[in-house]
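# Sequence and predicted structure below; questions after.
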Amino acid sequence: MLALRSLMLKIFQTKKMNPLIFTHPEEKHFTFDKIPDLAGKVAIVTGGNAGIGYFICRELTRKNAHVFLLGRSIEKGQAAIETIKSETGNQNVEFLHLNLKSLKSVKECAENFLARNLPLHILINNAGVIPSTFSLTEDGIQEEFGVNHVGHFLLTKLLLPKIKASQPARIVNVSSMGHLIATGIEFEELNDPNAHDPGKRYVQSKLANILFTDELNRRYLEGEQVYSNSINPGLANTSLLRRTAESYISSSISPEDGAITTLYCATSPEIEEKNYRGRYFVPFGIEGKKSSYAEDDDLAKRLWEFTENLINEKLLQK
């Protein structure tokens, strides 16, 4: 826990971070009211049962999308779905089990969705973890890297043919302002419990989200009407903030406002009109500046190849 608090303080004390943290725009470029009607659209949201993810699911459902809420807890997921149905009146919201700590579960989740023979217009990779101690996924991958990056990488690749067949479509990867203090990705030390504290492991995984977004565009989406972007939701008053930096709650935004930038990238007509691809957005639907490491094409290529090899290795062991 002390390491997490240290991370948050380091983020807040970084001068280049201050404008993003302490001056969320008073006038929002995008709001829930600007979400267009999504009738006929199908969306997947990971980590949608609570926090920012819940409000993403709720607003997509409110605008008539058919929403699949993906999560590990069946009980919490079903409870969230019933609340969303009650609040929106739209019954087209469903739960699919997804445990991002297990590559087998990721494959099964993708297969279960694809078996429905539905289109997929919106994929939002929202789920994330920041454990207080070092731990591994069921496949033996460092948990932050495995859940925040590797699981979403595999899910996206498995669903990509369906997404491309459903275009125009969107992919949104939820990163963090924390990527700005990551100094690359130390591939050889990812599974070394003594190499990094939880904060450093977390920000590397958030840097990976942006690098993955950009390389996905370069490898698979050029010339396609599939728009993949990454976002920083802002300093939202979620359980993570309350656990790690309670003194900064007064500078935070609500989880509802934390959903706005993701929903901008997932639904705003501007994304297609301005051909936004591989961009990084901050509250509230404004293009932000990535770190120099997030702009490193060679690092993005290395990450992609490392992740593919890692997944292939782990799945062969099953």
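That came in fine, so what should we check first?
# what bits of the stretch 101-250 of the chain have low per-residue confidence?
Flagging of the stretch 101-250 of the chain using pLDDT under 70 yields the residue ranges 196, 236-250.
# Please enumerate the helices of it.
Secondary structure of the stretch 101-250 of the chain (DSSP state H, counting those that start in this stretch): helices located at 103-114, 143-145, 152-165, 198-216, 239-244.
# For the fourth one, enumerate the helices and strands it packs against.
Here helix 198-216 is seen to pack against helix 2-13, helix 143-145, helix 152-165, strand 169-174, strand 226-231, helix 297-316 when contacts are counted using 3 or more Cβ pairs under 8 Å, 6 or more residues apart in numbering; DSSP states H and E. Using the backbone N, CA and C atoms, a C-beta is placed for each residue, glycine as well.
# gap between Ala266 and Lys162?
16 Å (Cβ to Cβ, to the nearest Å).
# So if I had to pick from these two, which one is more boxed in?
The neighbour comparison of Ala266 against Lys162 (other Cβ atoms under 10 Å) goes to Ala266, with 29 against 20.
# picking up where we left off before, what would the helices of the stretch 101-250 of the chain look like in CSV with distance to Ile84?
Formatted as CSV, the helices of the stretch 101-250 of the chain follow (distance: least, Cβ to Cβ, whole Å):
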stretch, distance to Ile84
helix 103-114, 18
helix 143-145, 28
helix 152-165, 21
helix 198-216, 25
helix 239-244, 19
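# do you know which of these lies nearest Ile81?
helix 103-114 (15.5 Å; Cβ to Cβ).
# Buried ones in the closest one, by neighbour count?
Buried residues in helix 103-114, defined by neighbour count with 16 or more other Cβ atoms under 10 Å: 103, 105-107, 109-110, 113.
# Any chance of those in a markdown table with distance to Leu216 as columns?
Shown next, in a markdown table, are those (distance: Cβ to Cβ, whole Å):
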| residue | distance to Leu216 |
| --- | --- |
| Leu103 | 18 |
| Ser105 | 22 |
| Val106 | 16 |
| Lys107 | 19 |
| Cys109 | 19 |
| Ala110 | 16 |
| Phe113 | 19 |
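# for those, which one is nearest Arg62?
For those, the nearest to Arg62 is Phe113 (21.7 Å; Cβ to Cβ).
# show me what contacts that closest one?
Going by Cβ atoms under 8 Å, 6 or more residues apart in numbering, Phe113 touches 44, 68, 96, 120, 159.
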